[in-house]
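Q: with the input below, show me the fold.
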Amino acid sequence: MAGRMISGAAALAGMVRTATETDEPGAHRVLPVAPELGGLLPWQGLRRGSTVSVDAGRAAPAGGGTSLMLALLAAASRAGSWCAVVGVPALGALAAAESGIVLDRLALVPNPGPDWPTVVAALIDGVDVVVTAVPGTVSGPIVSRLAARARQRGSVLVPFGDWSGADVTLRVGDGHWEGLGAGRGRLRRREVTVTARGRGAAARPREVVMWMPGVTAHAAIPPIRTKRPAVPESASSREMATVEGRGGGGLRLVDPWERVAGGGG
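A: Now for the predicted structure:
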């Protein structure tokens, strides 16, 4: 099975014990991230015990928050860390794999229920990086309790949504798409500005311009000059976003990770 779907308390407890038992003594205090993202974090990676939130934004289908969240986990996963994603039912294993996450060390809890803080706390006990969707407004005591547990256990808590008090908050700003010509065709990639704000060592705002989907520094890829509206049909689906028609001639931009996640899992 691609990834591990956790649906019960017993299964969750067993999975956490497994992750804890395989954790190496003296594990590095900073988990790796892609070099492009390292420049946004004061520790050049994910420091154990920290809280790094990803602001999903309101325009979820085209906002890039899901791509950024997955990219944040990829390098740590490939280096041997366990990761868990809680409360994101639309996220599929295919999207995670194409972003570089090792599925053998990924746990998915798509529907944790109303007692989601308990589920997240249990995962923090044995998983290196725990992503949790933020279900609306979260009370201060819950925020403090989960952050304190992450510090004590040496896990990295990654709230996916609006979260007060994070050490660092990453946000995808406005950008523009490339690959669309004369109002039709396929969008290939999006140039976005990712900003980081936080407290302490992260108090000074940082930003980097990069391409999504995937995470590639802006300077690493020259601009695409499209000679015709559509790219070849053989182009990889993970390199393209799609323009979907709506009634009345409107268009909707679809983040390719959201599209893959919705189609399978």
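Q: now Arg206. Nearest residue, chain neighbours left out?
A: Ala196 (4.5 Å; C-beta to C-beta, 6 or more residues apart in numbering). Just so you know, the C-beta spots here come from the backbone N, C-alpha and C atoms, and that holds for glycine as well.
Q: now Ile142
A: Excluding its sequence neighbours, the residue lying closest to Ile142 (C-beta to C-beta, 6+ apart) is Pro117, at 5.2 Å.
Q: next SSE after the helix or strand hosting that neighbour?
A: For Pro117, the host element (DSSP states H and E) is helix 116-124. Using DSSP H and E, the helix or strand that follows helix 116-124 in sequence is strand 129-133.
Q: low-confidence ranges in the chain?
A: For the chain, the stretches with pLDDT under 70 are 1-27, 57-63, 182-183, 213-265.
Q: number of residues surrounding the residue nearest to Leu180 when sequence neighbours are not counted?
A: Nearest non-adjacent residue to Leu180, counting by C-beta to C-beta, 6+ apart: Leu187, 5.3 Å away. Summarising burial for Leu187: neighbours were counted as other C-beta atoms under 10 Å, giving 20.
Q: got it, and Cys83?
A: Cys83, neighbours per other C-beta under 10 Å, totals 29.
Q: in the stretch 51-200 of the chain, which spans are strands?
A: In the stretch 51-200 of the chain, the strands defined using DSSP state E, counting those that start in this stretch lie at 52-55, 83-86, 106-109, 129-133, 156-160, 168-178, 186-187, 189-198.
Q: what's in contact with stretch 130-141?
A: 54, 69, 73, 83-88, 116, 120, 123-124, 146, 150, 155-164 (C-beta atoms under 8 Å, 6 or more residues apart in numbering).
Q: what's the span of stretch 111-126 from first residue to last?
A: Terminal residues of stretch 111-126 are spaced 19 Å apart (C-alpha to C-alpha, to the nearest Å).
Q: report the buried residues of it.
A: Within stretch 111-126, the residues that count as buried by 16 or more other C-beta atoms under 10 Å are 112, 116-117, 119-126.
Q: repeat that for stretch 151-168.
A: For stretch 151-168, by 16+ other C-beta under 10 Å, it's 151, 153, 155-161, 163, 166-168.
Q: how about stretch 93-105?
A: 93-103, 105.
Q: stretch 174-185 now?
A: Neighbour counts using 16+ other C-beta under 10 Å place 175, 177-180, 185 of stretch 174-185 among the buried residues.
Q: repeat that for stretch 41-59.
A: Quick answer for stretch 41-59 (16+ other C-beta under 10 Å): 41-43, 45-57.
Q: now, the most widely separated pair of the buried residues of stretch 174-185?
A: Spanning the widest gap among these are Gly175 and Gly185, at 18.1 Å by C-beta to C-beta.
Q: on contacts alone, who are the packing partners of the helix or strand where Glu36 lies?
A: Using DSSP H and E, the element containing Glu36 is helix 35-38. When contacts are defined as 3 or more C-beta pairs under 8 Å, 6 or more residues apart in numbering; DSSP states H and E, helix 35-38 packs onto strand 206-212, strand 216-217.
Q: just name the most buried of these.
A: Counting by mean count of other C-beta atoms under 10 Å, strand 206-212 has the highest mean neighbour count of those, with a mean of 19.
Q: can I have it written out in PDB, keeping just the CAs?
A: Backbone C-alpha positions of strand 206-212 (Å, rounded to 0.1, in the frame of the first residue of the first chain) are rendered in PDB as follows:
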ATOM      1  CA  ARG A 206      12.800  36.600   4.000                       C
ATOM      2  CA  GLU A 207      11.600  35.800   0.500                       C
ATOM      3  CA  VAL A 208      12.600  33.900  -2.500                       C
ATOM      4  CA  VAL A 209      11.200  33.700  -6.000                       C
ATOM      5  CA  MET A 210      10.700  30.200  -7.400                       C
ATOM      6  CA  TRP A 211       8.800  28.000  -9.800                       C
ATOM      7  CA  MET A 212       6.000  25.700  -8.900                       C
END
